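*Asks:* Quick one, fold the following:
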Amino acid sequence: KATVTINFSGTYDFDDIMSRMELSALCDILSVRYTESIREEQGGTYGVAVYPMQVHYPYENYRVQIFFDCDPANAEKLKTIAYEEIEKIKRQGPLLKDLNGVKENLLKTYDEKQIQNGYWLGLLKSIDMDHTEVSYHSKYQDYVGKLTVEGLKTAANEFFGGNVAEVVLMPANMEDNTANPVK
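*Replies:* Okay, here's the model as predicted:
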């Protein structure tokens, strides 16, 4: 199998809560798009992972990691599709159905998390270590409501514009790996 990893990174204003929300929402939307385009339409992989990482210290930065495993013969084609989905969002914004689905999911999981100690521990840690405002919790639903197609289009151009690192791991001696061992 081949493993494809694409990393976008850069600096940004960690204290801008909408920026953090937009990055998370973009990653959720890309997960949906990749499931439809790479997994279902192409049958190219079991799944594509899209992980955002947002860091306050030692300096404010973000990283988005996109990765999937696939047949080595399909690696280049599927990698191209991954970039095309990002470019569509940068040009047109996300599909409204994808945005609405992500917003619905964010609100649902927010309600579910509030009854878990881990959520509250994470919030207290964020308030203490990252100096996140307490209002982030109380206004979470408002922030989700402010996510728009146009806002995410702008955010996609900021987050997926500059630094990109791409790694494609292919098996060594592919002929040996694909040969029928029962000859």
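
*Asks:* center of the chain - which residue?
*Replies:* The centroid of the chain falls nearest to residue 27 when counting by C-alpha atoms, centre = their mean (2.5 Å).

*Asks:* Can you give me the end-to-end span of stretch 154-167?
*Replies:* 27 Å (C-alpha to C-alpha, to the nearest Å).

*Asks:* buried ones in that stretch?
*Replies:* Judged by neighbour count using 16 or more other C-beta atoms under 10 Å, the buried positions of stretch 154-167 are 155, 156, 158, 159, 160. Heads up, the C-betas are built off the backbone N, CA and C, glycines and all.

*Asks:* Stretch 72-87 now?
*Replies:* 72, 74, 75, 78, 79, 81, 82, 85, 86.

*Asks:* For the fourth one, give me the backbone phi and psi.
*Replies:* Summarising the backbone geometry of residue 78 under the convention degrees, to the nearest 10, its torsions are phi -70, psi -40.

*Asks:* Am I right that it is in contact with residue 4?
*Replies:* Yes - the pair residue 78 and residue 4 passes the contact test of C-beta atoms under 8 Å, sitting 6.7 Å apart.

*Asks:* Touching both of the two, which residues are there?
*Replies:* Residues touching both residue 78 and residue 4 by C-beta atoms under 8 Å, 6 or more residues apart in numbering: 68, 70.

*Asks:* how about the strands in this protein?
*Replies:* 2-11, 49-55, 61-70, 163-169 (DSSP state E).

*Asks:* how close does residue 139 get to residue 27?
*Replies:* Going from residue 139 to residue 27 by C-beta to C-beta, to the nearest Å gives 21 Å.

*Asks:* How about residue 4?
*Replies:* 17 Å.

*Asks:* what about residue 26, how many neighbours?
*Replies:* 26 (other C-beta atoms under 10 Å).

*Asks:* OK, contacts around it?
*Replies:* 52, 64, 89, 94, 152, 155, 156, 159, 160.

*Asks:* I'd like these written out as a markdown table, with distance to residue 14 added.
*Replies:* Converted to a markdown table, the contacts of residue 26 look like this (distance: C-beta to C-beta, whole Å):
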| residue | distance to residue 14 |
| --- | --- |
| 52 | 12 |
| 64 | 15 |
| 89 | 22 |
| 94 | 23 |
| 152 | 19 |
| 155 | 14 |
| 156 | 18 |
| 159 | 13 |
| 160 | 18 |
